[in-house]
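[1] Please work out how this folds:
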Amino acid sequence: MRIVAGRHKGRVLQAPQGLHTRPTADRVRESLFNIIAHGSPRLEGQRVLDAFAGSGALGFEALSRGAGHVTFMETDGSAMAIIYANAKKLGVLDQVAVQRLDATKPPKAPTPCRFVLMDPPYKSGLAKAALAALQAQGWLTPDALVVVEVAAGEPFTSPIPGLAIADERTYGAARLVFLRFSNPLPS
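    Model (predicted):
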């Protein structure tokens, strides 16, 4: 697995072994970040949350493309060790927080994030629970862009009033769901 673009383009990332982690495919990550690059808000300098981080590929791609800071939320200890090793290898330890947290039961956010990237296990139902919990604990800015990766045929609706699906894109077995607040307040 490689970083697709940005200052770390081509750098190889480690991924946890076994069936518990399913890294987002390079093609899907490339499409996701191309959509973000041509939209609003801009990624440069922003805070990003990578929930259900696994290998951290989404967060590291965000850093490579100019994000200012990424918080990685993961419950698996071996995946956390891989995220930390990847951050060290890329020289971005000062731009990350690697936290052993369940995204469905997060603590109060130290600082809200303008981008929330979520890749929970397919067909687990965890995305809705996590999104509601993250919102309740202050992890989303009022103008946040939330992207949830689900299985192509998996139903998904927003659990938060006012956070609406703005776009959906399917790439093979994966579907990216882009959510925005319908009446965002200035941040």
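[2] just the helices in the chain please.
    26-37, 57-64, 77-90, 126-136 (DSSP state H).
[3] Format those as TSV; extra columns: distance to Asp102 and mean neighbour count.
    Placement of C-beta: from N, CA and C, glycine included. TSV is the format used below for these (distance: least, Cβ to Cβ, whole Å; neighbours: other Cβ atoms under 10 Å):
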stretch	distance to Asp102	mean neighbour count
helix 26-37	24	18
helix 57-64	17	27
helix 77-90	12	18
helix 126-136	8	20
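[4] Pipe these into TSV and attach distance to Glu154 and mean pLDDT per row.
    Output for the helices of the chain, formatted as TSV (distance: least, Cβ to Cβ, whole Å; pLDDT from 0 to 100):
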stretch	distance to Glu154	mean pLDDT
helix 26-37	15	90
helix 57-64	18	96
helix 77-90	22	94
helix 126-136	9	96
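[5] Of all the ones you listed, which one is nearest Thr170?
    Among the helices of the chain, helix 26-37 comes nearest to Thr170, with 9.8 Å by Cβ to Cβ.
[6] Return the angle between stretch directions for the closest one and helix 57-64.
    For helix 26-37 against helix 57-64, the angle by axes from the mean of the first three to the mean of the last three Cα atoms, to 10 degrees is 50 degrees.
[7] packing partners for helix 26-37?
    helix 57-64, strand 140-151, strand 163-171, strand 174-181 (3 or more Cβ pairs under 8 Å, 6 or more residues apart in numbering; DSSP states H and E).
[8] Mind doing that once more with 10 Å?
    In terms of contacts (3 or more Cβ pairs under 10 Å, 6 or more residues apart in numbering; DSSP states H and E), helix 26-37 is packed against helix 57-64, strand 113-118, strand 140-151, strand 163-171, strand 174-181.
[9] residues in contact with it?
    Helix 26-37 has contacts (Cβ atoms under 10 Å, 6 or more residues apart in numbering) with 1-6, 23-25, 42-44, 46, 57-58, 60-62, 64-67, 115, 117, 119, 145, 147, 149, 167, 169-176, 178.
[10] Could you find the residue nearest the spatial middle of this structure?
    Leu117 (2.0 Å; Cα atoms, centre = their mean).
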